[in-house]
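Trainee: sequence first, then the predicted structure, then my questions.
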2 protein chains.
Amino acid sequence: MIKFFKYNWQVRDEWFSWCNQLSTDDLLKDRVGGVGSILYTLFHIIDVEYSWIRAIEGKDDVVVQFNDYNTLEKIKSLSNTFCSDIVKFMQTNSDESNDNLVSIPWDEDNYTKGEILNHIITHEIHHVGQLSVWARELELSSVSANFIGRDLKSI
Amino acid sequence: MIKFFKYNWQVRDEWFSWCNQLSTDDLLKDRVGGVGSILYTLFHIIDVEYSWIRAIEGKDDVVVQFNDYNTLEKIKSLSNTFCSDIVKFMQTNSDESNDNLVSIPWDEDNYTKGEILNHIITHEIHHVGQLSVWARELELSSVSANFIGRDLKSI
């Protein structure tokens, strides 16, 4: 499970680097499909991941507004801050507790911890697939999505 | 790990149903990003998954040509056939052997079994993210990508 998080974070960082070649207008331009712009997609991935992890931990949701993080630098910084916190969670997380039910502040239903972790993983990969189409529509190469042959950095 | 396969196969079947509303021209139209058309994307996901599973099993690759499977019905049938075979693999697969090195007929590098399984999983989710953008470009709702709240069917 941790390997999927490492993969997602590494691919995310590569998309941050990829974004450097775009103008602010292109980063913020509303696009068809997904949740909107390239920058908002990255913000959304980070926000959703952290909210679910906080829910697993039984902590209050940290509500962040895109208007406060609408530049590439601010979003990278937000990602780094949230990831540092999630790493601490990962270091104490045990797969054995994956069947534990978690109550969610913003949802009436309960979900298991394992289900939530899987949701976080698939959520990011799905949205990154959308980024890859928008990249090609901008006539730019996309970041590789390969898991295989990827040297996963320790976190 | 098996849950991700169940998730992918369930989402894939929902995309097959979604495809019923499209004309053959729309299914086969070459699109920007990804590997081409909607139908070729689904074919590619199925082909890649099966090739890697066969490699893990130490079996010869089964080469399939899109020209032989270029209708929705043929691709659904191919998916069902390959999935039946993969289910048998899953039933005997042990996570304990995930560090085993696998040699690949079409690649000089060796990869671990775990790395290959993770690659198959992320590969499908990534391409499905691309389908979701094309769906919206066709002004159609996309299939849900949610892992959470999804009742995973037994396989």
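Mentor: Now that the structure is in, tell me what you want to look at.
Trainee: ok, and what's touching stretch A:77-88?
Mentor: By CB atoms under 8 Å, 6 or more residues apart in numbering or on different chains, the surrounding residues in contact with stretch A:77-88 are A:5, A:9, A:12, A:16, A:42-43, A:46, A:49-50, A:53, A:64, A:69, A:155. For glycine as for every other residue, the C-beta is placed from the backbone atoms N, C-alpha and C.
Trainee: wait, A:T112 touches A:S103, no?
Mentor: No - using CB atoms under 8 Å, A:T112 makes no contact with A:S103, being 11.4 Å away.
Trainee: quick one, helices of chain A?
Mentor: For chain A, the helices defined by DSSP state H cover A:2-19, A:24-28, A:38-56, A:72-92, A:113-137.
Trainee: quick revisit: more neighbours: which of A:T112 and A:S103?
Mentor: A count of neighbours by other CB atoms under 10 Å in any protein chain shown puts A:T112 above the other of A:T112 and A:S103, at 16 against 11.
Trainee: so who does the more buried one touch?
Mentor: A:98-102.
Trainee: tell me who's in contact with whichever residue of chain A sits closest to chain B.
Mentor: When CB to the nearest CB is the measure, chain A has its nearest residue to chain B at A:G129, with 2.0 Å between them. Applying CB under 8 Å, 6+ apart, we find A:G129 in contact with A:145, B:125-130, B:132-133.
Trainee: now the buried members of those.
Mentor: Buried positions within the contacts of A:G129, assessed by neighbour count (16 or more other CB atoms under 10 Å in any protein chain shown), are A:145, B:125-130, B:132-133.
Trainee: residues from chain A in reach of chain B?
Mentor: Residues of chain A found near chain B (CB under 8 Å from any CB of the partner chain) are A:3-4, A:7, A:32-34, A:109, A:111, A:114-116, A:118-119, A:121-123, A:125-130, A:132-137, A:142, A:145-149.
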